[in-house]
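Asks: Could you look at this predicted model? Sequence included:
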Amino acid sequence: MPANLTPEFKKARERFRSAKTPEEKLAALEEMLATIPKHKGTDKMQADIKRRIAKLRDAGGGGKKGSRPGLDHIPREGAGQVVLVGPPNSGKSSLLAALSNAKPDIAAYPFSTLVPVPGMMMVEDVSVQVIDLPPLTAEYTEGWVYGLVRAADLVVVVLDATEKDETIDEIAEIRALLEERHVVLVDRAVSELDDERIREISCRVVLTKADLLTDGVDPAVIDEIPFDAIELSAETGEGLGEFRRAVFDALRIVRVYTKLPGQKPDMEEPYTLPIGSSVLDAVRLVHRDFVDQLKYVRIWGSGRFDGQQVPSDHILEDRDIIEIHVG
């Protein structure tokens, strides 16, 4: 069977041949693996590339096995950290570009995403960090990808709606790959588990390229998906608003605004806290020193009346406004 090598693969191969340092060789080999066509005609070539990558890593050319310096941790920003996972060419990069100002590489060939690409998505007045990750596949996924998934607040499985016959199998494969590494996708994560090795993470499913389907995804397929699923199109914008709201709800957070005595509240940049947080939690978030100096707090929103003085263990609701009095 002919290999039918892509132009991208050939360019990466030339870079490998001209590379002078182990780091340059490793980067070129990884791009070769990402851009090589995946079929029986390239099985031996793929195996050889993987062997060379492993050899370079073992020799210290790219850090410890399964790790890439600087890629295994992305500082958390905004109200939550959401990772986009899925098979090759599912539309993750296009979705991130449609939701944020990030500029991921978008290409028609598989594995065009080689490094994590973060972007900030606005949900009304709240910013949420969304990270586009390289594909999760049984064939080849670097260890740092699973590390980033494990650290996330929410996992969004992105699938191509036009490949509806493969949807359930793709979800099952992704769940199995993660469970091998003690990451369990659930509809709603619990705070603590008996087994500390296991990390439960809330999950939602996105079916992209909905604009290419005349009648939408088969309802029978939607019914089989074990998580809430949203059909959308990064091209037309269809469903993006619903997706933003679904992410906000899945993160299970509330917004809290502050005001100074005698002044209007600051409604521009709310503080965000987990559902079930108390007034004291909000005071601590505004300024830790205020906890020891706290006299009382007035609240607008979830109190019996606006401006009510509430105890420090009062549970906050979304869009509450608090006025902190210290002394």
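Replies: Sure thing, it's come through. Numbering: from 1, shown residues only.
Asks: In the helix or strand Ala246 falls within, which residues are buried?
Replies: Using DSSP states H and E, Ala246 maps to helix 240-251. Residues of helix 240-251 classed as buried: 240, 243-244, 246-248, 250-251 (neighbour count, 16 or more other Cβ atoms under 10 Å). Yep, even glycine has a C-beta here, placed from its N, CA and C like the rest.
Asks: Which is the succeeding secondary structure element to it?
Replies: As assigned by DSSP H and E, the chain's next helix or strand after helix 240-251 is strand 253-258.
Asks: Now do that next one and helix 240-251, the angle between them.
Replies: Orientation check (axes from the mean of the first three to the mean of the last three Cα atoms, to 10 degrees): strand 253-258 against helix 240-251 gives 90 degrees.
Asks: Give me the packing partners of strand 253-258, helices and strands only.
Replies: strand 266-274, strand 320-326 (3 or more Cβ pairs under 8 Å, 6 or more residues apart in numbering; DSSP states H and E).
Asks: what's the angle from that strand to strand 266-274?
Replies: Counting by the same axes, to 10 degrees, strand 253-258 lies at 140 degrees to strand 266-274.
Asks: Give the partner strands of strand 253-258 in its sheet and their orientations.
Replies: Sheet pairing for strand 253-258, assigned by DSSP bridges, gives strand 266-274 (antiparallel), strand 320-326 (parallel).
Asks: Tell me where the chain has helices.
Replies: 7-18, 22-35, 43-58, 92-99, 143-151, 167-179, 219-224, 240-251, 279-286, 289-293 (DSSP state H).
Asks: Please identify the deepest-packed of the strands paired with strand 253-258.
Replies: Counting by mean count of other Cβ atoms under 10 Å, strand 320-326 has the highest mean neighbour count of the strands paired with strand 253-258, with a mean of 19.
Asks: got the angle for it vs helix 279-286?
Replies: Using the same axes, to 10 degrees: strand 320-326 against helix 279-286 is 80 degrees.
Asks: Can I get strand 320-326 in CSV, CA atoms only?
Replies: Written as CSV, here are the backbone C-alpha positions of strand 320-326 (Å, rounded to 0.1, in the frame of the first residue of the first chain):
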residue,chain,number,x,y,z
ASP,A,320,-25.5,38.5,45.1
ILE,A,321,-24.0,41.9,46.1
ILE,A,322,-22.2,42.2,49.4
GLU,A,323,-21.1,45.3,51.4
ILE,A,324,-18.3,44.4,53.8
HIS,A,325,-17.9,46.4,57.0
VAL,A,326,-14.6,46.1,58.9
